[in-house]
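S.K.: fold the following, please.
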Amino acid sequence: MKIPWYKEVITKHKKKAVISAIFLLCLALTYSIWRFGFGQSFEWVEITVISQPSIFNRLLYSALTFVSLGAVLYRLGFYQALHRFFVGMLRDWGLYKDVKNLVWWVLIGLMYSVIVPFVVDLINFIATIGYNIFNLILYLSPPVGIVLSLTLLAIVIKKNLYAKLSTV
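M.R.: Residues are numbered from 1 along each chain as shown. Next up, the predicted model:
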């Protein structure tokens, strides 16, 4: 069985990816120590990665409605039921088109006023939490790193001192 191309690429470039990640973490830690050295304190920052789109992006909302809410209603047979009722029973093609158009505008309005703002706010909230947690970890890294370094140094000195005392 052949390995998928993406697994092959990942295994081939695994070492480069790990080295790059380690370099970026060291760079972030250096930046954190730099900020800590100049006395900058940690502060919560609101991140807005994605801005709310304007109402004039009708094509975007129409496409989003088509692939989400419109597709769900189509699969549930809503439009077929509308067709059967207005065209099959009432024999009014114009009323069917008007009701379908009204349903479509309601779906686009729902997409504009509820769904897209919720998704954008959710993405921005996740980005804000992630950024601030990472920033807090970087802010706390210099003191924690200093304490860990001093602790390791004390352990090494203690071991060497016991080794020298036990040989005497």
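S.K.: elements contacting the biggest helix by length in the chain?
M.R.: With secondary structure taken from DSSP state H, the chain has its longest helix at helix 116-167. Judged by 3 or more CB pairs under 8 Å, 6 or more residues apart in numbering; DSSP states H and E, helix 116-167 is in contact with helix 14-37. Yep, even glycine has a C-beta here, placed from its N, CA and C like the rest.
S.K.: list the buried residues in the next helix or strand along the chain from the helix it packs on.
M.R.: Once helix 14-37 ends, the next helix or strand along the chain (criterion: DSSP states H and E) is helix 58-67. By 16 or more other CB atoms under 10 Å, the buried positions in helix 58-67 come out as Tyr61, Ser62, Leu64, Thr65.
S.K.: ok now the longest helix of the chain, how far from the chain's centre?
M.R.: Centroid displacement of helix 116-167 relative to its chain, using CA atoms, centre = their mean, to the nearest Å, is 23 Å.
S.K.: so it versus helix 58-67, what angle?
M.R.: For helix 116-167 against helix 58-67, the angle by axes from the mean of the first three to the mean of the last three CA atoms, to 10 degrees is 80 degrees.
S.K.: quick one on the thing from earlier: which member of the buried residues of helix 58-67 is positioned nearest Ile115?
M.R.: Leu64 (7.8 Å; CB to CB).
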